[in-house]
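turn this into a structure:
(chains A and B)
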Amino acid sequence: MGDPIIELSQVWKSYETGAVSVHALRGIDARIDEGEYLAVIGPSGSGKSTLMNILGCLDVPTSGEYHLAGQDVSTMTEVELAEVRNRRIGFVFQQFNLLASMTAWRNVELPLVYAGVPRAERKERAIAALTRVGLGERADHKPGELSGGQQQRVAVARALVTEPAMILADEPTGNLDSESTTDVLELFDELSQLGRTIVLITHEYDVADRAGRQLVVRDGQIASPIGAA
Amino acid sequence: MNWPETFRTGAEAVRAHRMRSILTMLGIIIGVSSVILTVGLGQGAQDEVSSQIDALGSNLLVVSPGSTTSTTGIRGGFGSASTLTLSDADAIDDEDVVPDVARVAPVTSTSASLVNGTTNWTTTLVGSTVDWLDVRSRDLSAGRFYTAAEVASSAPVVVLGADTAGELFTGSAVGQTVTVNGSALTVIGVLETSGASSSDSSEDDTAVTPLGTAASVSGTTGTSVSSIYVEGASEGTLGAAYQEINALLLNLHGVDATEADFTITSQEALIDTANSTNRTLTVLLAGVAGISLLVGGIGVMNIMLVSVTERIREIGLRKALGATPGSIGRQFLVEASMLGLAGGVIGVIIAVVGAAVLPGLIDQPVSLSLLATVGALLTSLALGVGFGVYPASRAARLTPIQALRSE
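The predicted structure follows:
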């Protein structure tokens, strides 16, 4: 086990809907170490999407602390969170979320644009990331010219390109056929072997089984805090 | 994201939705080109009036009979009841009484039929002194003007306007004879065409003779004149000359200012009157065009709001990838500004083409004004920026979850 990348302690998230307040997360404690391949699994409504939003710094907890790579992100401003997302987290979404008007490498370089990396270096790094996911030849194709599995691999390349502390994949195989699913999951296996920290959020157990450790979320709490500190 | 990247992204978005961008810009295009063209038309009309009036001489005062300032309406009148006489002209010519006057030319004007063999042409027969040529800033294209001796002796000589000479004679008119009411007059010169527009033909369709000659051929007696042309000593002292003549004539006619039976007009006053009319029209039309520019700006805002809604997932993705609210806001603001500016540039191009083509179609000169062009361009940019602020702030305020979750 390496150093902790993620430490959650007593994280609560509540939403006010009219007079009733809904507690989506009820005191989550978790620790994810560097190089870990972790699956967060739970049925819909379990609060795993809320957890993913907080892990991805897309949202802040109502109470509790969240340390990402040593930084307390639970009290950060929106601008600071944007920088954390840009530098520390690589997102992979269920819907791929590629920009249709841009070629594969232009999609991959996008996080580097916001990081202020010079143009020539951006292209070099984008092509390198595409080559790593096996799509070096397709760098000039637009998303519409690629299969679903290929599109998701472009998205993975985009997540890798900033060398983030963690790759956060939200149902990455939810929109893929079984062949492409295997394809993408094998890519995650490879990345894990190369020492990448991967957090995969899913509701499918066979997908979660590929991960080194599973974190089951039920009713806003960790149901099986295996290995949690 | 730095500014060059922001501009690149904006330009890509404008290009990616080409048709929609053009439709968005349409309002701005129409607004900008119509502002420039209306101002250009107004300016063109003003320039034309100024050049026509300038051609008559810029330090010229015209004393005419009758007064529009009298409480009883126009007093006196033109024709036989003229209140201006040759002695008035002589009085104005007195250097001791009216020091700021250089030349005086009393003018009688009657309609007359000029005959050369079987050719008959009706024109204005002008009787005046030798100073007429200088006072009216005219030149001769052939022959000579009549002399002071010919004026004194009422010699039977005539100087024709360019058009009149052309109507009456096929070759050179100088040395030929025309008959007016049975009297034979020798053509001694032909006037150069006046600088004024060709549509104003009366300046070139005329026949000028010594005062006495005009009186005898038209059979008029008496000493009244149609008007007195006065050339000021200089443009700077024209105001003084006006005052002096006014005081002198009031005194001679034994009336006070409220009963003045004459009117003194300066060319400057004519220009001012003509220009103020033109200016009112130009301002009115440019105002209407300006409103269409404003409507164009609202169109930009409208489309940008639609664009924010349509691209909500893109905004969410960019935010997840590290875009700050500021950089998202800037992206949309730059896009709106580009639409505004591009619309402005296209509008200017259309206006320039219109300015080249329109005069041929509607017989109206168009003077492109640099001020109006730059102003319209800046306004279109300002509209893009101004109306882009609201959509941009909407885009910037979206939270990444809101934006990513929407379908």
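
chain B contacts on chain A?
In this structure, chain A approaches chain B at residues A:53, A:56, A:58-59, A:78-79, A:82-83, A:85-87, A:91, A:93, A:95, A:97, A:99, A:101-102, A:110-111, A:113-116, A:158, judged by CB under 8 Å from any CB of the partner chain. For glycine as for every other residue, the C-beta is placed from the backbone atoms N, C-alpha and C.

restricted to buried residues, select those in PyMOL.
Buried subset of the residues of chain A next to chain B, written as a PyMOL selection, criterion 16 or more other CB atoms under 10 Å in any protein chain shown:
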select buried, chain A and resi 53+56+58+59+82+83+85+86+87+91+93+95+97+99+101+102+110+111+113+114+115+158
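
next step: the residues of chain A next to chain B restricted to helices.
A:53, A:78-79, A:82-83, A:85-87, A:110-111, A:113-115, A:158 (DSSP state H).

just flag the most distant two among these.
Pairwise distances across these peak at 23.4 Å for A:Asn53 and A:Val113 (criterion: CB to CB).

centroid residue for chain A?
A:Leu168 (1.1 Å; CA atoms, centre = their mean).

can you list the low-confidence ranges for chain A?
Along chain A, the parts satisfying pLDDT under 70 run over A:1-2, A:224-229.

what residues does the one residue in it that gets nearest to chain B make contact with?
Residue of chain A nearest chain B, by CB to the nearest CB: A:Asn86 (2.3 Å). By CB atoms under 8 Å, 6 or more residues apart in numbering or on different chains, the contact set of A:Asn86 is A:111, A:114-115, A:162, B:321-322.

how about the helices of the chain, start to end?
Just going to use chain A. Using DSSP H, helices in chain A cover A:48-55, A:78-88, A:104-115, A:119-132, A:148-160, A:178-193, A:205-208.

actually chain B
B:3-16, B:18-55, B:86-92, B:132-135, B:148-152, B:162-168, B:211-218, B:238-253, B:267-310, B:312-320, B:325-362, B:370-397, B:400-405.

only the buried residues of the shortest one, if you could.
Same thing as helix B:132-135. B:132-133, B:135.

from A:Ile201, how far off is the closest residue to A:Asp59 other than its chain neighbours?
Once flanking residues are discounted, A:Asp59 sits nearest to A:Asn53: 4.1 Å by CB to CB, 6 or more residues apart in numbering or on different chains. Relative to A:Ile201, A:Asn53 is positioned 10 Å away (CB to CB, to the nearest Å).

what is in contact with those two at once?
Residues touching both A:Asn53 and A:Ile201 (CB under 8 Å, 6+ apart): there are none.

picking up where we left off before, mind listing the residues bridging to the residue nearest to the centre of chain A?
Applying DSSP bridges to A:Leu168 gives these bridge partners: A:Phe91, A:Val199.

was I right about it contacting A:Arg196?
No: counting by CB atoms under 8 Å, A:Leu168 stays clear of A:Arg196, with 11.5 Å between them.

per-residue pLDDT, the closest residue to B:Leu383 other than its chain neighbours?
In this structure, B:Leu383 finds its nearest non-sequential neighbour in B:Gly297, 3.3 Å apart by CB to CB, 6+ apart. Predicted confidence (pLDDT) for B:Gly297: 86.

distance of B:Gly297 from B:Val348?
For B:Gly297, the distance to B:Val348 (CB to CB) stands at 16 Å.

for B:Leu249, give me its contacts.
Taking CB under 8 Å, 6+ apart, one finds B:63, B:88, B:91-92, B:260, B:262 in contact with B:Leu249.

and those residues near chain A, which?
Within these, nothing lies near chain A by CB under 8 Å from any CB.

in CSV: these, plus neighbour count.
CSV is the format used below for the contacts of B:Leu249 (neighbours: other CB atoms under 10 Å in any protein chain shown):
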residue, neighbour count
B:Val63, 23
B:Asp88, 24
B:Ala91, 18
B:Ile92, 22
B:Ala260, 21
B:Phe262, 24
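
chain A contacts on chain B?
Checking chain B against chain A by CB under 8 Å from any CB, the hits are B:1-2, B:5, B:12, B:16, B:313-314, B:316-327, B:399-401, B:404.

and those residues, which of them are buried?
Buried among those by 16+ other CB under 10 Å: B:1, B:5, B:313-314, B:316-325, B:327, B:399-401, B:404.

mind checking how far the closest residue to chain A within the stretch 151-300 of chain B is from B:Ala16?
With CB to the nearest CB, the shortest gap between the stretch 151-300 of chain B and chain A falls at B:Val300, namely 20.8 Å. Separation of B:Val300 from B:Ala16 (CB to CB) stands at 17 Å.

about what we covered before: from the buried residues of helix B:132-135, pick the one nearest chain A.
Closest to chain A, out of all of the buried residues of helix B:132-135 and judged by CB to the nearest CB, is B:Val135, at 73.9 Å.

can I get the lowest-mean-pLDDT helix or strand in chain B in CSV? Just the C-alpha atoms.
Least confident element among the helices and strands of chain B, by mean pLDDT, DSSP states H and E: helix B:400-405 (a mean of 78). What follows is helix B:400-405, C-alpha atoms only, in CSV (Å, rounded to 0.1, in the frame of the first residue of the first chain):
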residue,chain,number,x,y,z
PRO,B,400,-20.8,21.2,-13.6
ILE,B,401,-23.2,18.6,-12.2
GLN,B,402,-26.2,20.5,-13.5
ALA,B,403,-24.6,20.8,-16.9
LEU,B,404,-23.4,17.2,-17.1
ARG,B,405,-26.6,15.6,-15.9
